[in-house]
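J.: what shape does this take:
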Amino acid sequence: MHGDNKKNWWKSALPNCQPQTRVLTAGYDPDLSEMSAKVPIFPTSTFLFRTAEDGERFFYLQNNPDKRTPGDDLGLIYSRMNNPNMEIVEDKMLTQELGAEAAAVLPSGMSAISTMCLALLKPGDYIIYSAPVYGGTEHFFHDILSKFGIHAIPVYGPDPAEYKAAIDAHKDNVAMVFIETPANPTMAQTDIEAIVQLAKKYKGANGKVLVVSDNTFLGPVFQHPFQLGVDLVVYSATKFLGGHSDLIGGFVLGGKDLLTKVKSFRSVVGATTDPFCCWLISRSLETVELRMRKCAENAMQIAEFLVGHPNVTKVIYPGLLKENDPQCAIFKKQCSGPGSLISFYVKGGKKEAFEVLNHVKICRLAVSLGGTETLIEHPRRHTHASVPEEMCQKVGLTDSMIRISIGLEAPIDLIEDLNQALNRI
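T.: Numbers count the residues shown, from 1 in each chain. As a prediction, the model looks like this:
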């Protein structure tokens, strides 16, 4: 029906194209979907086998991933295990996170982190992690992993020597180093390459200390951890990847062997992302670079305004880092842009911060980030409410801090809105 000279034209040009071009067609074969120009949604719970022998082979390969060989047709069995929309969005994500061999889509960012950890760690293992991290991650590390006999040790500050000391203290039992950079909400930068080089010096609990980077804040546009040597990257796809505050999702990316373990665990525990959500993420990945660059452009203007406001005592934004700040060297080394997350401190404490939050009109008072709209929140009492007070004090997470995720609104309107709210202090 389709001329041979045109068949698969969308595939032949992909290898030499830029990520922004590849993401538009990667993972999707129109021949399998009546030549639909866009990815369809496959809302089915189960898939037909052409023969009983096919079903037997598919189940064998599903249950014995170590027996798979390149070129095996894994087939489709049941949507808890896999679905065309899952496969498509994973292939599209691989065009964005340069250096990854495989990707697994999960129902949320926390599902991505928890599935990865439980698939790859065992009782007695230690995970060393940068502090602070997202409040949900902190809760999972200390209150959930501990129930499985897995220990989490925080490291305060970016100094690799502190990571070395933490690993040395539990040398033979350390299985993973988890870094969230920039940190949520302090925007602290961790030198990814330095941590990777440090981890290589240890065999750890499982023959290798894995380095994992949460790339939610700057990826996939402004930071590429695989190019710096990490083993795994995790995302909350709810944020910039989804980008419209209308879905919940996550990703784990890495080498094929590690991702085979993650995907097998995902199937068993049912951490499956529904077809519609996968379709939404596929749609959003087509514009992620445009959105992130525009939001970052807007954020720079907002950050500069906040620096000059008399009721703001401190502004933390990568785009404002000075040459004499050690954080600037790390930023320049591993980031190509500052992103669109800003944290700032107001004069006073919770009362004054809440006064600002309760009187913004264009900025929207809500948690999350990375959407088309500007979202503003109070980390200490909202996203990081479960973080112990001692840890909050160590990292500067105080009641006077406000976090804002800049969206696509006109910067002049956001500035006027923030100005009138800040003037109420």
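J.: thought S130 was touching N184?
T.: No: distance between S130 and N184: 10.4 Å, which falls outside the contact criterion (Cβ atoms under 8 Å). Bear in mind the C-beta positions are built from the backbone N, C-alpha and C, glycine included.
J.: are we agreed that Y345 is in a helix?
T.: No: applying DSSP: H, G, I helix; E, B strand; the rest coil, one finds Y345 to be strand, outside a helix.
J.: and it, what does it touch?
T.: The neighbourhood of Y345, defined by Cβ atoms under 8 Å, 6 or more residues apart in numbering, consists of V312, T313, K314, V315, T398, S400, M401, I402.
J.: which of these fall within strands?
T.: Taking DSSP state E as the definition of strands, the contacts of Y345 contribute V312, T313, K314, V315, M401, I402.
J.: output the contacts of Y345 as a markdown table; include the columns distance to I248 and neighbour count.
T.: Below are those laid out as a markdown table (distance: Cβ to Cβ, whole Å; neighbours: other Cβ atoms under 10 Å):
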| residue | distance to I248 | neighbour count |
| --- | --- | --- |
| V312 | 32 | 20 |
| T313 | 35 | 12 |
| K314 | 32 | 13 |
| V315 | 30 | 19 |
| T398 | 29 | 14 |
| S400 | 30 | 20 |
| M401 | 25 | 24 |
| I402 | 24 | 27 |
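J.: between the residues you listed, which is closest to L118?
T.: Taking Cβ to Cβ as the measure, L118 lies nearest M401 of these, at 31.9 Å.
J.: can you pull the contacts of that closest one?
T.: Shown in contact with M401 (Cβ under 8 Å, 6+ apart): P185, S343, F344, Y345, A353, H378, P379, R380.
J.: could you do G407 as well?
T.: Listed by Cβ under 8 Å, 6+ apart, the contact set of G407 reads C295, N298, S340, G371, T372, E373, T374, L375.
J.: now D413: closest residue in space that isn't a chain neighbour?
T.: The spatial neighbour of D413 that comes closest, neighbours along the chain excluded (Cβ to Cβ, 6 or more residues apart in numbering), is I362 at 5.6 Å.
J.: angles on the backbone of E416, please.
T.: Its backbone dihedrals place E416 at phi -60, psi -40, with angles given as degrees, to the nearest 10.
J.: who wins on neighbours among the contacts of M401?
T.: P185 (29 neighbours; other Cβ atoms under 10 Å).
J.: doesn't L397 make contact with that one?
T.: Yes: applying Cβ under 8 Å as the test, P185 and L397 come out as touching, 6.9 Å apart.
J.: anything in contact with each of those two?
T.: Contact criterion Cβ under 8 Å, 6+ apart; residues shared by P185 and L397: P132, P379, H384.
J.: neighbours of E56, how many?
T.: The criterion is other Cβ under 10 Å. On that basis, E56 has 11 neighbouring residues.
J.: C-terminal to the strand or helix carrying it, what's the next element?
T.: Under the criterion DSSP states H and E, the helix or strand holding E56 is helix 52-63. Using DSSP H and E, the next helix or strand after helix 52-63 towards the C-terminus is helix 84-96.
J.: export the contacts of Y345 to JSON lines and tack on pLDDT and distance to I195?
T.: Shown next, in JSON lines, are the contacts of Y345 (pLDDT from 0 to 100; distance: Cβ to Cβ, whole Å):
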{"residue": "V312", "pLDDT": "99", "distance to I195": "32"}
{"residue": "T313", "pLDDT": "99", "distance to I195": "31"}
{"residue": "K314", "pLDDT": "99", "distance to I195": "27"}
{"residue": "V315", "pLDDT": "99", "distance to I195": "27"}
{"residue": "T398", "pLDDT": "97", "distance to I195": "27"}
{"residue": "S400", "pLDDT": "98", "distance to I195": "30"}
{"residue": "M401", "pLDDT": "98", "distance to I195": "26"}
{"residue": "I402", "pLDDT": "99", "distance to I195": "29"}
